[in-house]
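Student: Sequence and predicted model, in that order:
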Amino acid sequence: MHACPGPFELCTAHLDDTFLSELTLSCPGLQQLYLGVQGAWLIAPLLTFDGVRSLLKHCRQLSSLGVFFNATLASDMKNAAPVDAVSPKIEEFLVGASPIDDPVEVAAMLSFLVPKATRISHCISEESPEQLHGRLKRWRSVEKIFGIFVSARKQSWEQGWAEGKAAIEKIAVK
């Protein structure tokens with residue numbers, strides 16, 4: 001990936017949650033979507049986790065997703081897991097140069113939303129403008145801990161299924 005936008009890479013910072021929601025309702029069969037993930041944009045995007053959540057909720061066929069969005073979690077999203085937005089098919093999630101505050105919170109949320117993803121990728125390099133180096137450090141942290149969250153969630157779900165199955169079998173025997 002490159003730090004500067006190519007001739008056909010458009011800055012998508014002006015796209016907001018409403019736009020993405022309307023797009024998802026118009027194109028529910030999307031399988032891949034990439035919006036502004038190759039440019040090392042310094043401008044803050046209007047798109048938030050709410051827009052990403054709407055996209056995942058309505059476009060159930062997505063297998064690859066890349067969006068430039070504000071990866072700062074609103075306080076109401078930190079405690080409420082958006083179950084209807086879990087995407088079981090996405091294996092690749094690209095974030096471009098998305099702004100991010102807390103890598104642990106973001107890794108936890110993304111591991112819930114895209115549990116089959118094998119990686120979270122960004123386009124920020126050491127050669128990117130100095131203003132992006134904080135984002136680079138935080139997205140590298142997300143890359144490191146994302147897999148741990150996914151594994152922990154998978155183990156928890158498997159344990160829950162095993163316990164639920166055992167309880168049902170116990171009831172069926174009675």
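Tutor: Thanks, I have the structure now. All figures in this text were calculated on a predicted structure; none of them were measured in a lab.

Student: Please enumerate the helices of this protein.
Tutor: Ranges of helices within the chain are 17-26, 49-58, 75-79, 103-113, 133-173, based on DSSP state H.

Student: Would you single out the least confident of those helices?
Tutor: Here the lowest mean pLDDT among these goes to helix 75-79, at a mean of 59.

Student: Which residues does stretch 50-61 contact?
Tutor: Stretch 50-61 has contacts (Cβ atoms under 8 Å, 6 or more residues apart in numbering) with 16-17, 19-21, 23-25, 27-31, 33, 62, 65, 67, 69, 74, 77, 82, 84-87, 89-90, 113-114. (C-beta placed from N, C-alpha, C; glycine too.)

Student: ok, the most centrally placed residue in the chain - contacts?
Tutor: Among the residues of the chain, the one closest to the centroid is residue 110, at 4.6 Å (Cα atoms, centre = their mean). Going by Cβ under 8 Å, 6+ apart, residue 110 touches 93, 117, 120, 142, 146, 149.

Student: which of these are buried?
Tutor: Buried subset of those (neighbour count, 16 or more other Cβ atoms under 10 Å): 93, 117, 120, 142, 146, 149.

Student: okay if I get those as a markdown table plus distance to residue 132?
Tutor: Converted to a markdown table, those look like this (distance: Cβ to Cβ, whole Å):
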| residue | distance to residue 132 |
| --- | --- |
| 93 | 19 |
| 117 | 23 |
| 120 | 16 |
| 142 | 15 |
| 146 | 20 |
| 149 | 24 |
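
Student: got the buried residues for stretch 85-93?
Tutor: Buried, per 16+ other Cβ under 10 Å, within stretch 85-93: 85, 86, 87, 89, 90, 92, 93.

Student: from what I can see the third one touches residue 63, true?
Tutor: This points to residue 87. No. In this structure, residue 87 is not within contact of residue 63 by Cβ atoms under 8 Å, at 9.0 Å.

Student: roughly how far apart are residue 36 and residue 15?
Tutor: Residue 36 sits at a distance of 8 Å from residue 15 (criterion: Cβ to Cβ, to the nearest Å).

Student: okay, now residue 152: neighbour count?
Tutor: 12 (other Cβ atoms under 10 Å).

Student: thought residue 94 was touching residue 117?
Tutor: No. Look at residue 94 against residue 117 with Cβ under 8 Å: they stay out of range, at 10.1 Å.

Student: still on that earlier bit, filter the buried residues of stretch 85-93 down to the ones in strands?
Tutor: Secondary structure assignment (DSSP state E) places 92, 93 from the buried residues of stretch 85-93 within strands.

Student: can you list the buried residues of stretch 85-93 in JSON lines and add distance to residue 125 and pLDDT?
Tutor: Converted to JSON lines, the buried residues of stretch 85-93 look like this (distance: Cβ to Cβ, whole Å; pLDDT from 0 to 100):
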{"residue": "85", "distance to residue 125": "30", "pLDDT": "74"}
{"residue": "86", "distance to residue 125": "31", "pLDDT": "85"}
{"residue": "87", "distance to residue 125": "28", "pLDDT": "85"}
{"residue": "89", "distance to residue 125": "29", "pLDDT": "91"}
{"residue": "90", "distance to residue 125": "24", "pLDDT": "92"}
{"residue": "92", "distance to residue 125": "19", "pLDDT": "87"}
{"residue": "93", "distance to residue 125": "19", "pLDDT": "93"}
